[in-house]
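Q: Here is a sequence together with a model predicted from it:
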Amino acid sequence: MTPLLQVRNVSKRYGSRIGCAEVSFDLYPGEVMGIVGESGSGKSTLLNCLAGKLTPDGGQVVFDTRMDGLVDTLTMSEPQRRMLGRTDWAFVHQHARDGLRMGVSAGGNIGERLMAVGERHYGRIRGRAADWLDRVEIDQARIDDRPEAFSGGMQQRLQIARNLVTGPRLAFMDEPTGGLDVSVQARLLDLLRGLVREMGLSALIVTHDLAVVRLLADRLMVMKGGHVVEAGLTDQVLDDPQHAYTQLLVSSVLQV
Amino acid sequence: MNAYNFAYLDEQTKRMIRRAILKGLAVPGYQVPFASREMPMPYGWGTGGVQVSAAILTPEDRFKVIDQGADDTTNAVSIRKFFERTAGVAVTERTIEASVIQTRHRIPETPLRADQILVYQVPIPEPLRFLEPRETETRKMHSLQEYGLMHVKLYEDISRHGAIATSYAYPVRVAGRYVMDPSPIPKFDNPKLESEAIQLFGAGREQRIYAVPPHTRVVSLDFEDHPFEPTKAEHDCDLCGAADSYLDEVIIDDAGGRMFVCSDADFCRGRREAGQSGAKAGALS
Amino acid sequence: MIELSDVSKSFTLHNQGGARIEVMSGASLSVGPGECVALTGASGAGKSTLMRLIYGNYLAASGQIIVGGVDVAAARPREILRMRRETLGYVSQFLRVVPRVPTLDVVAEPLLALDRPADEARDRAAHLLAMLNIPKRLWSLSPTTFSGGEQQRVNIARGFAHDYPALLLDEPTASLDIANRDVVLGLIEAAKARGAAIVGIFHDADARERVCDREIDVAAFSPCASGVAA
């Protein structure tokens, strides 16, 4: 099986400071990988480099595209990369307002990607939007409401629907449950797990919440100071951490 | 003796604007930045259109200005007088006699010819602006033809009003490439954007010029199941009886009496002079 | 089916002066299809550690752990995940699930992970829950709110949802009443009959007597016993 994403030696510096250094890994179809570490560990820098939101100083990010097979997304043309960003990739922001159009109705938010790839039938767009509201457990009657009128958890679910409507194969998630109440988090985790399975979605989830990765991620990468200090099966890394930093991280949180 | 340079602007500035116009004609629908000058009138009063007109007027031109279809409103009168005084050009109220027509909010009903130029005053040239406030991002969207957002706007219209409620400044795609704001003309006028005449658009405050060359394909955006419709009031002109011209609704007394009249004053007058008349033709005489 | 040879395990506590604790060495074990082996030994002797090593939850320091052809001690995460999906089931003492997920779905999950049709998976889950006497009215609720015994039975149902060729059972009959204990032992016997290789920890001597073919005292794998200094 070909990895969906092959990351090789991705590095990013901010002047003399290291953002992330020499990161390499493979992500296979259907796999969910967590990236954990403290603030400033480089996990968000890495995610943004991989998702094409930051340009790394070096390395390769090879994605198995539907049309052309393996392509290094770093050397891809910008239109191609942006197209990938609207079709095969999803990016879920920590703050839903960064990933939603707050002045546009829920239906319009979900429909945007469809329209961006050429859908021009209002009825079909609306049908798909309603279907997705259902899937993320938002009442279809709210289709014409703006996200401003939604709770934090609903906004986050709407953001997910907006991202997944084109059936992407890879989702980048930056602290998707951050800032939500614990009960709302649980609902979101459950939803994400179901969607990942149903859609065969692969995902990279950046978080500092070890409970989140334990429930969502198959594999785990631990970062510190821009470097990956440990990687492996999620439960193995959490239950039998090998690196000093991981041991500190695991012992610093309440039992999960 | 006239103390102004011909048509107010200095020759260097006119050259600069002409270069922007030529670039605009070469890339239909593309917004060309230009160094908009301070004009002796406030922004919002057509400074963009005035600068374009100043750059293209020649002493032989015959100039017409319309505002909402009429030649005798404040905006139209002041701009017409401005060029009479600074350029000494002949003026007219008749569409067919004019070689340059500056307009706000309308396209004349009478089809324009190849030897005519229509200059639009544009308040906000960027059709994506209301949905995407970042200029860097809208430029990128134009360059990559990422126009899905335009349809989001139309989607919102239908979801809120049951139909595309955008009735003016209705977005169009020019020559299959750039999405363009046709300025706040009623969507009834959109089909007339495909014309024999040169059409130039000037936005003074926003410092943009764009153009639609003659015979260019201009398509109004829509959905398959909600096609574009160039609507107008379902009425005939009460003065000239025209059934196919854009109408203004006019309140004529304190009792709520009203009538529908052609918004294009010259068109209406022409029809009446040719003997046509509408239901209330006597009312204003 | 499950083959351990010369497996050792140590923990290095980096944040406590780098202390290195040897907990196991020279562990060897072979369990064939249809066989049930009980791990015995005093509390803390390493029974759970051995189970976790086999499941890939702990990283072995050396040796081989072959489960269904996969060397858990050396395999990549992806291979271990696949082994856990297809080959090796694990009934732990603790139920760890996403909050809010209905019990029926928790039990059906191993089958859904194998891309079985949802109906079939739920039917199987319902069958097991009924067998284990979980009242039907609880099936649509999350097991996180259940009593210890109920959670344990949900855990067992989940572990037996798929016919794994190999099973790890950590105290499967603890905190169960007589009737349910009987059901669980029946499930174990059925698994053996279809050829499953089972490694278990049973404090309940009668249960051990009934389902286990042999016992292995993990004290034999302690680093002191094999002469390696701690």
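A: Good, I have the coordinates. Fair warning: this is a prediction, and the values are worked out from it, not measured in the lab.

Q: For the rest of this, base every contact and every neighbour count on C-alpha atoms.
A: Fine.

Q: Can you classify residue 192 by secondary structure?
A: Picked chain A for this. helix (DSSP: H, G, I helix; E, B strand; the rest coil).

Q: think we crossed wires, I meant chain B
A: Recorded secondary structure, residue B:192: helix (three-state DSSP).

Q: in the chain, which spans are helices?
A: Just so you know, I chose chain A. A:43-50, A:78-86, A:96-99, A:106-116, A:122-135, A:152-164, A:182-199, A:210-216, A:234-239, A:244-252 (DSSP state H).

Q: actually chain C
A: C:47-55, C:77-86, C:103-112, C:118-131, C:148-159, C:178-193, C:205-211.

Q: can you give me how far the second one is from the chain middle?
A: By that I understand helix C:77-86. 15 Å (C-alpha atoms, centre = their mean, to the nearest Å).

Q: now the angle from that helix to helix C:103-112?
A: For helix C:77-86 against helix C:103-112, the angle by axes from the mean of the first three to the mean of the last three C-alpha atoms, to 10 degrees is 120 degrees.

Q: what do you get for the first one?
A: Helix C:47-55 runs at 50 degrees relative to helix C:103-112, counting by the same axes, to 10 degrees.

Q: Among the helices of chain C, which comes closest to chain A?
A: helix C:77-86 (5.2 Å; C-alpha to the nearest C-alpha).

Q: would a markdown table of the helices of chain C with distance to residue C:71, mean pLDDT and mean neighbour count be doable?
A: Converted to a markdown table, the helices of chain C look like this (distance: least, C-alpha to C-alpha, whole Å; pLDDT from 0 to 100; neighbours: other C-alpha atoms under 10 Å in any protein chain shown):
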| stretch | distance to residue C:71 | mean pLDDT | mean neighbour count |
| --- | --- | --- | --- |
| helix C:47-55 | 9 | 95 | 21 |
| helix C:77-86 | 9 | 94 | 18 |
| helix C:103-112 | 22 | 94 | 24 |
| helix C:118-131 | 29 | 96 | 18 |
| helix C:148-159 | 22 | 93 | 23 |
| helix C:178-193 | 23 | 95 | 17 |
| helix C:205-211 | 27 | 93 | 14 |
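
Q: got those helices as CSV, with distance to chain A columns?
A: Formatted as CSV, these follow (distance: least, C-alpha to the nearest C-alpha, whole Å):
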stretch, distance to chain A
helix C:47-55, 9
helix C:77-86, 5
helix C:103-112, 8
helix C:118-131, 11
helix C:148-159, 16
helix C:178-193, 26
helix C:205-211, 28
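
Q: could those helices be laid out in a markdown table, adding distance to residue B:172?
A: As requested, the helices of chain C are exported to a markdown table (distance: least, C-alpha to C-alpha, whole Å):
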| stretch | distance to residue B:172 |
| --- | --- |
| helix C:47-55 | 62 |
| helix C:77-86 | 51 |
| helix C:103-112 | 49 |
| helix C:118-131 | 48 |
| helix C:148-159 | 59 |
| helix C:178-193 | 69 |
| helix C:205-211 | 78 |
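
Q: Could you find the closest non-adjacent residue to residue A:224?
A: residue A:41 (4.5 Å; C-alpha to C-alpha, 6 or more residues apart in numbering or on different chains).

Q: got it, and residue C:194?
A: Leaving aside its sequence neighbours, residue C:194 sits nearest to residue C:34 (C-alpha to C-alpha, 6+ apart; 6.8 Å).

Q: Please report the distance of that neighbour from residue C:4.
A: When distance is defined by C-alpha to C-alpha, to the nearest Å, residue C:34 is 17 Å away from residue C:4.

Q: So between the two, which is more surrounded?
A: Neighbours were counted for residue C:34 and for residue C:4 using other C-alpha atoms under 10 Å in any protein chain shown; residue C:4 has more, 23 against 19.

Q: dump the residue contacts of that one.
A: C:27-30, C:63-66 (C-alpha atoms under 8 Å, 6 or more residues apart in numbering or on different chains).

Q: Would you map out the domains in chain A?
A: Annotated domains of chain A cover A:1-88+A:172-256, A:100-167 [automatic domain parsing].

Q: which one of the ones you listed has the most crowded surroundings?
A: domain A:100-167 (a mean of 21; mean count of other C-alpha atoms under 10 Å in any protein chain shown).

Q: quick check, that one touching chain C?
A: No: against chain C, domain A:100-167 shows no contacts by C-alpha under 8 Å from any C-alpha of the partner chain, the least distance being 13.5 Å.

Q: can you put the domains of chain A in a markdown table and add distance to residue B:208?
A: Output for the domains of chain A, formatted as a markdown table (distance: least, C-alpha to C-alpha, whole Å):
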| stretch | distance to residue B:208 |
| --- | --- |
| domain A:1-88+A:172-256 | 25 |
| domain A:100-167 | 26 |
